[in-house]
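Trainee: Return atomic coordinates for the entry below.
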Amino acid sequence: MIDFSQALQDKIDIITENWIEAVRGDEEIGTAKQLTYDSVRDSLPIVLQAIVTMLSESEESDFRALIQESLDHGGVRAQQGYDAEEIAREYRLLRRVIFDALEPELLKGSAAEVNRAYRLIDAALDEAIADCFKTYTLARFQELEDLQNQLQLTNQELSRLLRASQENISHLAHELKTPLTSIIGYSQLFLRQLNNPRVKDSAPNLAHIDKVLNNGRLLLRLINDTLEISRYDTGGIKLQLSVTNVRSAIGTVVEIIEPLAKAKNLEIGLECDPVLDEVMTDYLRLQQIITNLVSNAIRYTQAGTITIKTELLPDQHWSICITDTGIGIASEDCDRIFQPFFRANNSLGSVIPDSTGLGLAIVARLVNLLQGKIELVSEVGVGTSFTVIFPLELDGV
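Mentor: Numbers count the residues shown, from 1 in each chain. The predicted model follows:
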C-alpha cells in the first residue's frame, strides 16, 4: 500500500521550489516577477501540510483547521497587487506541480489508492482557493473603503478648485467623467451580483472590484495632481531647503520606480557627477520632479532605455537630464506639453490611458519654484530628452 501522505510530506520542499519557479516563470502572472522569493512562497507550505493531513488515513476528516490557517493568503496577495486571475492560475500550477512530484508513487498505487489521492488533493486545493478568494475579497473591500475615505477627505480641497478658471474646470470635469462612469458602472454590477452566492467570490466578480479600484486610484491621482497645481498657482507651496546629495535622491527614486520599468523590460541607466553631493535644494520637490519625468519616460517608452544623467555646469549651475527611447513628441506639441491636462498623442493617434496630463505641468511649476529652467529635445519615433538646469544656490531664499 502506497503512503501518499508520507510521500507528499517528504516532497514539500521540492514542490515548493518547483511551484515558485513555475509561478515566477509564468507570463500570465506578471505580479510575481516583482516579488521576492519569500513573498511568492507566502503560506504555501501550510497548504501542502494540510493536504498531507488529508491523505493520512487517521486524520482524513480533520483538515479544515489546517486549511483555515491559509485564510490570510488572499489578503497577502491583494496587498501584493495580484488580480483574481493570477491567484487562480497559481493554484492551477500548484495542482500540476503536486501531481508531477507524486507521479512515481501514483504509478505504483492501485486504482483505488490513486483515485483517493486525486480526490483528496483536489478537495484540499478547492478548499484552499475558496478561502483564499474569501480573504482576497475582504482585502479588496477594505482597500475600496480606504479609497472612498481618501476621496472624501479631498472633497473640501477640491471645492476650492471651483474658483479656478472656467477652462481648467471644463478640463477637470472631462477627465473625471471617464473613471467616475466606470466606478459607478462596475459598482452597480457588483451590487447586483452580491446577493447571488454562486458568483459572490467568482473570479469575474473579483475582476469587477479590481476595475473599480483601478479607476478609483486614477481618479484620486488626478485629484491630487490638480490640487498640486492649485497650491502652486495660489502660492501654497513653501520650499524646505537642505543640503542634498543628488545621487542619493535619484537612487531613492529609481529604487521605487524601477519595477515599472522592469515590467516593460526597460533598462534605467545612471550617470551621476560625483561632485554634486552637497547641493542646496528642496529634497522632496527635487525627488518629485525626477519621479514625474522618469515615470513619464517609462509611460511613453515601449523598448530600450531610460538614462538619468547629472552634470556640474559653469556659472554655479548643475543639470539633470532624463532621456528615453520612446515614441517622441511632435514639434507642434512641444510648446504645449507643459500645459495642464494636455496629453500628446502616441504613434497610433490616441493618448496613453493612465496619463492625467498633469505630471509635466507640475514639473514645470516646481522647476520654476526652484529657480531653474527646463529644456526639451524630442524626435518622433526616436525619443525625448528633458534637461532641467538649477542654480547651486537659490537667490533670496
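
Trainee: out of all of them, which helix in this protein is the longest?
Mentor: For the chain, the longest helix by residue count, based on DSSP state H, is helix 111-160.

Trainee: Report all helices and strands that it contacts.
Mentor: helix 44-55, helix 64-68, helix 72-80, helix 84-101, helix 203-233 (3 or more C-beta pairs under 8 Å, 6 or more residues apart in numbering; DSSP states H and E). Glycine gets a C-beta too; all of them are placed from N, C-alpha and C.

Trainee: how about a cut-off of 10 Å?
Mentor: helix 4-10, helix 44-55, helix 64-68, helix 72-80, helix 84-101, helix 103-108, helix 166-194, helix 203-233 (3 or more C-beta pairs under 10 Å, 6 or more residues apart in numbering; DSSP states H and E).

Trainee: Can I get the second one in PDB, CA atoms only?
Mentor: Meaning helix 44-55. This file holds the C-alpha atoms of helix 44-55, laid out as PDB (Å, rounded to 0.1, in the frame of the first residue of the first chain):
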ATOM      1  CA  LEU A  44       2.200  27.500   0.500                       C
ATOM      2  CA  PRO A  45       3.900  25.000   3.000                       C
ATOM      3  CA  ILE A  46       0.800  25.400   5.300                       C
ATOM      4  CA  VAL A  47      -1.500  24.400   2.400                       C
ATOM      5  CA  LEU A  48       0.700  21.500   1.500                       C
ATOM      6  CA  GLN A  49       0.800  20.300   5.100                       C
ATOM      7  CA  ALA A  50      -3.000  20.400   5.100                       C
ATOM      8  CA  ILE A  51      -3.100  18.100   2.100                       C
ATOM      9  CA  VAL A  52      -0.600  15.800   3.900                       C
ATOM     10  CA  THR A  53      -3.100  15.600   6.800                       C
ATOM     11  CA  MET A  54      -6.000  14.900   4.500                       C
ATOM     12  CA  LEU A  55      -4.100  12.000   2.900                       C
END
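
Trainee: just the angle between that helix and helix 84-101, please?
Mentor: Put simply, helix 44-55 runs at 50 degrees to helix 84-101, going by axes from the mean of the first three to the mean of the last three C-alpha atoms, to 10 degrees.

Trainee: any idea of the angle helix 44-55 forms with helix 72-80?
Mentor: Computed with the same axes, to 10 degrees, the direction of helix 44-55 lies at 160 degrees from that of helix 72-80.

Trainee: hey, least reliable of the helices and strands packed on helix 111-160 by pLDDT?
Mentor: Among the helices and strands packed on helix 111-160, helix 64-68 has the lowest mean pLDDT, at a mean of 56.

Trainee: need the strands for the stretch 251-397 of the chain, in chain order.
Mentor: 267-271, 279-282, 305-313, 317-324, 373-379, 383-391 (DSSP state E, counting those that start in this stretch).

Trainee: just so I know, which of the ones you listed lies nearest R41?
Mentor: Closest approach to R41 among those (C-beta to C-beta): strand 267-271, 27.6 Å.

Trainee: For that closest one, list every residue counted as buried.
Mentor: Buried residues in strand 267-271, counted by 16 or more other C-beta atoms under 10 Å: I268.

Trainee: same deal with stretch 80-99?
Mentor: Here stretch 80-99 shows 82-84, 86-91, 93-95, 97-98 as buried, counting by 16+ other C-beta under 10 Å.

Trainee: can I get those residues in TSV with distance to T323?
Mentor: Below are the buried residues of stretch 80-99 laid out as TSV (distance: C-beta to C-beta, whole Å):
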residue	distance to T323
Y82	34
D83	33
A84	38
E86	34
I87	38
A88	41
R89	37
E90	38
Y91	43
L93	40
L94	43
R95	47
V97	44
I98	48
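
Trainee: now for those, which pair is the farthest apart?
Mentor: D83 and I98, at 23.6 Å, using C-beta to C-beta across these.

Trainee: Got phi/psi on the residue positioned nearest the centre of the chain?
Mentor: Geometric centre of the chain, nearest residue: G81, 6.5 Å, by C-alpha atoms, centre = their mean. G81 has phi and psi values of phi 100, psi 10 when expressed as degrees, to the nearest 10.

Trainee: Show the low-confidence segments of the chain, by residue range.
Mentor: Applying pLDDT under 70 to the chain picks out residues 1, 57-72, 156-223, 225-226, 229-230, 341, 343-357, 396-397.

Trainee: swap the cut-off to 50 and go again
Mentor: Residues of the chain meeting the criterion pLDDT under 50: 59-62, 166, 347-351.

Trainee: coming back round to it: tell me which residues touch the residue nearest to the centre of the chain, please.
Mentor: For G81, the contact set (C-beta atoms under 10 Å, 6 or more residues apart in numbering) comprises G30, T31, Q34, L35, D210, P259.

Trainee: Can you give me the neighbour number for D38?
Mentor: 8 (other C-beta atoms under 10 Å).

Trainee: host element of it?
Mentor: Per DSSP states H and E: D38 is located in helix 37-41.

Trainee: Tell me which residues of that helix come out buried.
Mentor: Those would be V40, for helix 37-41 by 16+ other C-beta under 10 Å.

Trainee: ok, and what's touching it?
Mentor: Contact with helix 37-41 is made by 16-17, 19-21, 23-24, 29, 31-35, 76-77, 79-80, 90, as judged by C-beta under 10 Å, 6+ apart.
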